[in-house]
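**Q** Everything below, folded, please.
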Amino acid sequence: MKIVSRSFPMPTHIWWIRRDLRLKDNPALHSALQGGHSVLPLFILDPRLLNTAAENRRHFLFNGLRRLDEDLRSRGSRLIVRSGLPEEVLPAVVAETGADGVFAEEDYTPYAVRRDANLARYIPLQRVVGVTVHHPAAVVKPDGSPYTVFTPFSKAWKALPLPKPLPPIPDHLPPPPFLPSDPIPPAPENAYFPAGEAEAERRLLEFLDSAVFAYADDRNRLDVDGTSRLSPYLRFGMISARRAAALTMEKIQQTADPAGRKGAETFLNELIWREFYNAILYHFPHVLQTAFNPALRNIEWRHAPAELAAWQQGLTGIPVVDACMRQLLTMGWMHNRGRMIVASFLVKDLLINWQEGERWFMRHLVDGDPAANNGGWQWTAGVGTDAAPYFRIFNPILQSKKFDPYGHFIRRWLPELERLPDEYLHEPWLTPAEIQRKTGFKPGRDYPLPLVDHAQVKERTLRAYQQSKPREGT
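**A** Coordinates of the predicted model:
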């Protein structure tokens, strides 16, 4: 891109949009608006990120950018989109506009940390806290070291005051300098997750007015719509983590009913888990390459490509696992309890490396976030910080019967099993011959037989973990 120096009548600040596709409660935008500057909203289509992102996430991002541009235009501004590497695009835009400040929310992923540190050497980049409520460096032990266990982290997080709410964005924003903009790539809308700040706000308020009161009991039920489904919107900052936490804390204070208050407190804890995993990634970026626990980095995983493929496509013969995996392929999202069940099955039943599952999730999740996804997989595999003990192995059949007792979830995603009576839905291979004749269903023909017997492979997994030894020098 040719750099052309220009002189604009107003001093200019650049709002570099990354994971904050919103106007409300946006610290980077708020900072850029200070001092009467013209504000240039800029998004850079970085091929290094886009080329490795799941198609679901790219589409959600592109549609979110369209919604953001519409919101900006309603206030007299507009979104500028440029394609290319940030280290080339951003200095060029700074030169084009004469901008004396670039404001962005700090991102804690290793790539973003390196990118921003490099750019800050030669452009006026100012990073503000926004991806999380509190900066990871602010939630530490008294000696300054990071927490690696959730409960004390949560207590320290709750002891910090919430940042003061930002004033509303003006109805009319200062017009940005006129610059050419690349088109936002076309993308189909995800019917399950329409993009945009307005939808994110609607979901949060609706959840806090209804489902949150039963959240403590319903959040693990696969057959109940009892979760917020806010994760994609938090992932791209279509709603701020601070606003979600603040409104949840208000709900806790306003709710007299103990059960309802417990639901809101449980939801707040889920938001704090998100903060915790961001802090782990910030302090220990190597977790994206290896297990947090060095003693469990050398497990002898099985190389079983056919079994991995069956897991990926929802053809393991375990209905709850297959239903969850097909939900992922269809929606680009999976219930959190489902994520734990399918992860445990891949790692603890099939003894396949947890990183295979981590990669598959990032290929398909619309809410795919490196910190949360990695933290969840390491937790279930028992190799992460504050992880489930390695000897804790989910029985997928018991999980299925507990969290989908009437089989509604299984029937929705596995129509080939809809004819079966409830008592055989969780274990279709046990269907008696008489029921097979009546229903026309035959195990192994109409639905796969189980890849493994849970009771038998459990011992194999325990041996593999127990025999794991750290390599010399780790």
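**Q** Quickly list the domain ranges of the chain.
**A** Per the record, the chain has its domains at 12-131, 197-283, 294-466, by automatic domain parsing.
**Q** Figure out which of the ones you listed is closest to Val139.
**A** Nearest to Val139 among these is domain 197-283 (6.1 Å), distances taken as Cβ to Cβ. For every residue, glycine as well, the C-beta is placed using N, CA and C.
**Q** For the closest one, the averaged confidence score.
**A** Here domain 197-283 scores 97 as its mean pLDDT.
**Q** Give the pairing partners of the longest strand along the chain; include direction for each.
**A** Using DSSP state E to define each element, the chain has its longest strand at strand 38-45. Sheet partners assigned to strand 38-45 using DSSP bridges are listed as strand 12-17 (parallel), strand 80-83 (parallel).
**Q** Please pull up the helix or strand immediately following the longest helix seen in the chain.
**A** Taking DSSP state H as the criterion, the chain has its longest helix at helix 258-283. Following helix 258-283 in sequence order, the next helix or strand is helix 305-313 (DSSP states H and E).
**Q** tell me which strands and helices that next one is in contact with?
**A** Using 3 or more Cβ pairs under 8 Å, 6 or more residues apart in numbering; DSSP states H and E, the elements in contact with helix 305-313 are helix 319-331, helix 354-364.
**Q** on that earlier part again, could the domains of the chain go into JSON lines alongside mean neighbour count and distance to Pro176?
**A** As requested, these are arranged in JSON lines below (neighbours: other Cβ atoms under 10 Å; distance: least, Cβ to Cβ, whole Å):
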{"stretch": "domain 12-131", "mean neighbour count": "19", "distance to Pro176": "4"}
{"stretch": "domain 197-283", "mean neighbour count": "19", "distance to Pro176": "19"}
{"stretch": "domain 294-466", "mean neighbour count": "19", "distance to Pro176": "29"}
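**Q** Tell me which of these sits nearest to Leu173.
**A** Closest among the domains of the chain, once you apply Cβ to Cβ, is domain 12-131, at 4.2 Å.
**Q** Would you quantify the distance from Pro415 to Phe441?
**A** Distance of Pro415 to Phe441, given as Cβ to Cβ, to the nearest Å: 12 Å.
**Q** make that Glu189, sorry
**A** 36 Å.
**Q** same deal with Leu271?
**A** Taken as Cβ to Cβ, the span from Leu271 to Phe441 is 43 Å.
**Q** if we can go back for a sec, adding distance to Pro285 and mean pLDDT, write the helices and strands packed on helix 305-313 out as JSON lines.
**A** Below are these laid out as JSON lines (distance: least, Cβ to Cβ, whole Å; pLDDT from 0 to 100):
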{"stretch": "helix 319-331", "distance to Pro285": "26", "mean pLDDT": "99"}
{"stretch": "helix 354-364", "distance to Pro285": "15", "mean pLDDT": "99"}
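**Q** give me the element the closest residue to Leu50 other than its chain neighbours is part of.
**A** Spatial nearest neighbour of Leu50, excluding adjacent residues (Cβ to Cβ, 6 or more residues apart in numbering): Arg58 at 6.1 Å. Taking DSSP H and E as the criterion, Arg58 maps to helix 55-73.
**Q** what's the closest of the strands paired with strand 38-45 to Asp171?
**A** Nearest of these (Cβ to Cβ): strand 12-17, 17.3 Å.
**Q** What is the helix holding Arg58 packed up against?
**A** Using 3+ Cβ pairs under 8 Å, 6+ apart, helix 55-73 sits against strand 38-45, helix 197-209.
**Q** between it and strand 12-17, what angle do the directions make?
**A** In terms of direction (axes from the mean of the first three to the mean of the last three Cα atoms, to 10 degrees), helix 55-73 departs from strand 12-17 by 150 degrees.
**Q** Can you check what angle separates helix 55-73 from helix 354-364?
**A** 40 degrees.
**Q** ok so Met340 is a helix residue?
**A** Yes - counting by DSSP: H, G, I helix; E, B strand; the rest coil, Met340 is located in a helix.
**Q** And the closest residue to it other than its chain neighbours, which helix or strand is it part of?
**A** Spatial nearest neighbour of Met340, excluding adjacent residues (Cβ to Cβ, 6+ apart): Thr380 at 5.5 Å. Here Thr380 is covered by helix 370-381, with elements defined by DSSP H and E.
**Q** any low-confidence regions in this structure?
**A** 1-9, 469-474 (pLDDT under 70).
**Q** before we move on, the earlier item: mind putting the strands paired with strand 38-45 into a markdown table with distance to Asp404?
**A** What follows is the strands paired with strand 38-45, written out as a markdown table (distance: least, Cβ to Cβ, whole Å):
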| stretch | distance to Asp404 |
| --- | --- |
| strand 12-17 | 40 |
| strand 80-83 | 43 |
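**Q** Of those strands, which is nearest Pro405?
**A** strand 12-17 (44.4 Å).
**Q** Tell me the helix or strand right after the closest one.
**A** Proceeding N to C from strand 12-17, the next assigned helix or strand is helix 27-32, under DSSP H and E.
**Q** Which strands and helices lie in contact with that following helix?
**A** On the basis of 3+ Cβ pairs under 8 Å, 6+ apart, helix 27-32 makes packing contacts with strand 12-17, strand 38-45, strand 101-105, strand 125-128.
**Q** ok, now with 7 Å
**A** strand 12-17, strand 101-105, strand 125-128 (3 or more Cβ pairs under 7 Å, 6 or more residues apart in numbering; DSSP states H and E).
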